[in-house]
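# Generate a structure from the sequence data that follows.
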Amino acid sequence: MAPFLTDLDDRAAVKGSRDPLGIQAIWTRFGRHVVHNLTTVSSSVRDFTTLLLGYWLVERVAETGARGAELATFLKWEQLAAYARAAVNKDLSFRGVERVVRNLNEGPRIVLSAERTYQILGDQKIYGLWGLYTVPARASGLIETDPPRLSEAARDFVERQYLPALADAAGREARSLVKLLGESAARLDVRGKDARLIEAVARVLKPRIPAKERAFYREALVYGGPDDRTQGRQRALADLLLAPPFAAGAFAWSPPAVGQLAKTARIREGEASVLAYRLDRIRHCETLVAPAATLFSFLLARDGATVPEVAAVLRERWGARVTTLDVAGVESLKTEIGAAANDPAVGERWVRFGERLSVGDYVASVQLLLEQNRHVMKSRSGAAPWAEEQDGRLMVRFHDEGGNLPAREDLPELWRFPYFLDSLRAVTRALKEG
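Below you'll find the predicted structure:
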């Protein structure tokens, strides 16, 4: 099976994230074999609704002559949608909720503007829907071309599904809304003269997804859209997530839970199930990289300690050896981890780390993590490692005051990285019938 991602997938990245061991490239690659289109933050169907309507309105405002203002139009629409969701639907599950609630508490009059003072996030372009949802929407077949515009299917859906719902308050083709968003700054009275418009926007953004919308979103978001690169694995996985125990509200991801998913996939699809194979590889990957990330954070809080001293703490905390690793399973990941890092030596290093951890050689395990951090930082413009061994002691440049090690009994459930699984689960649950 040829992998379809070789470079770091920017859909996985969250601005400001730190990755001293290069783990993001690894979990991204393994996750993309089962979830093609979603990111760690694109888990809200109604945020996708807001995005689609925003792009439709951007085109309409541009047609009025307000060219060059695409981003400003979108930011103002995102603000309006947020105020409507909070004020009418009492839905506080959108980005920027704190500023929206604060502004509404100060009074019913709001200002829609691209100026920084009125944005609902510190940098709404980057941390709002324009920055975080456009790429997953493109991967889902909802956005195309450059500059980005709605796909034909998405435009037809918006015009068929949402414009009639806006017509009473915004007029045909949402003309009054288009005019409003074309202004550099628009002042609205949420409970007064503009209440009907706010309520109309809120209606199309109700948290519960009506049946007539589900089929469209299910095909695009849950099944991966027309360019699903998982060859149907994402759809099969989504179907599994609708059944107990995976559909339960209290469900939590863990290596055993992913193992149960793989087992269920084999029952449904047979021993040759490719989905089960990919899920097992995610499980093996997490039993390797989750302890590594936890251990490295621990090292960052041990400036001045010797490696044998750290190893002694590990032995006391984790026992004579770490038994949660399937050494053969981890060994099978070597080539793909190396491909994720564009360096076969990285795959070999990670496998050695797993092997050393599994036999309780904590000194070598620590030294391999320090070596991996040195490699990662050197590859990033020659930056200095966050921690290294000097004169027999740890010299930490990037301190972490946390660094708590999980107990030995907690290791089997240790889960640190998302693999896009929870985003798929969230979207799938939101679109569940009944």
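# hey, let's count contacts and neighbours off CA atoms from now on
Fine.
# Glu355 versus the residue lying closest to Leu295 once chain neighbours are set aside, what's the distance?
Sequence neighbours aside, Leu405 is the residue nearest to Leu295 in space, at 6.9 Å (criterion: C-alpha to C-alpha, 6 or more residues apart in numbering). Distance of Leu405 to Glu355, given as C-alpha to C-alpha, to the nearest Å: 19 Å.
# What residues sit buried inside stretch 62-75?
Across stretch 62-75, burial judged by 16 or more other C-alpha atoms under 10 Å covers 62, 66, 70, 72-75.
# TSV for those residues, including distance to Val313, secondary structure and pLDDT?
Output for those, formatted as TSV (distance: C-alpha to C-alpha, whole Å; DSSP: H, G, I helix; E, B strand; the rest coil; pLDDT from 0 to 100):
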residue	distance to Val313	secondary structure	pLDDT
Ala62	63	helix	92
Ala66	64	coil	68
Glu70	56	helix	93
Ala72	54	helix	95
Thr73	56	helix	96
Phe74	53	helix	97
Leu75	51	helix	97
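# Need those in TSV (columns: distance to Asn105).
Converted to TSV, the buried residues of stretch 62-75 look like this (distance: C-alpha to C-alpha, whole Å):
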residue	distance to Asn105
Ala62	33
Ala66	32
Glu70	30
Ala72	25
Thr73	25
Phe74	24
Leu75	21
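# Checking my notes, Ile110 in a strand, right?
Yes - counting by DSSP: H, G, I helix; E, B strand; the rest coil, Ile110 falls inside a strand.
# hang on, it packs against Leu188?
Yes - taking C-alpha atoms under 8 Å as the definition, Ile110 is a contact partner of Leu188 at 5.4 Å.
# quick revisit: Leu405 and Glu355: which has the busier surroundings?
Shown here are Leu405 and Glu355; by other C-alpha atoms under 10 Å, Glu355 has more neighbours (22 against 18).
# Now that one: which helix or strand?
In this structure, Glu355 sits in helix 344-358 according to DSSP states H and E.
# tell me what that helix is packed against?
In terms of contacts (3 or more C-alpha pairs under 8 Å, 6 or more residues apart in numbering; DSSP states H and E), helix 344-358 is packed against helix 327-331, helix 334-340, helix 362-379.
# tell me the angle it makes with helix 362-379.
Orientation of helix 344-358 against helix 362-379 (axes from the mean of the first three to the mean of the last three C-alpha atoms, to 10 degrees) gives an angle of 160 degrees.
# quick one: buried residues of helix 344-358?
The neighbour-count check on helix 344-358 (16+ other C-alpha under 10 Å) flags 345-358 as buried.
# May I see the residues you listed organised as JSON lines, with pLDDT and distance to Tyr127 added?
Converted to JSON lines, the buried residues of helix 344-358 look like this (pLDDT from 0 to 100; distance: C-alpha to C-alpha, whole Å):
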{"residue": "Ala345", "pLDDT": "98", "distance to Tyr127": "35"}
{"residue": "Val346", "pLDDT": "98", "distance to Tyr127": "32"}
{"residue": "Gly347", "pLDDT": "98", "distance to Tyr127": "33"}
{"residue": "Glu348", "pLDDT": "98", "distance to Tyr127": "36"}
{"residue": "Arg349", "pLDDT": "98", "distance to Tyr127": "35"}
{"residue": "Trp350", "pLDDT": "98", "distance to Tyr127": "33"}
{"residue": "Val351", "pLDDT": "98", "distance to Tyr127": "36"}
{"residue": "Arg352", "pLDDT": "98", "distance to Tyr127": "38"}
{"residue": "Phe353", "pLDDT": "98", "distance to Tyr127": "36"}
{"residue": "Gly354", "pLDDT": "98", "distance to Tyr127": "36"}
{"residue": "Glu355", "pLDDT": "98", "distance to Tyr127": "40"}
{"residue": "Arg356", "pLDDT": "98", "distance to Tyr127": "40"}
{"residue": "Leu357", "pLDDT": "98", "distance to Tyr127": "38"}
{"residue": "Ser358", "pLDDT": "98", "distance to Tyr127": "40"}
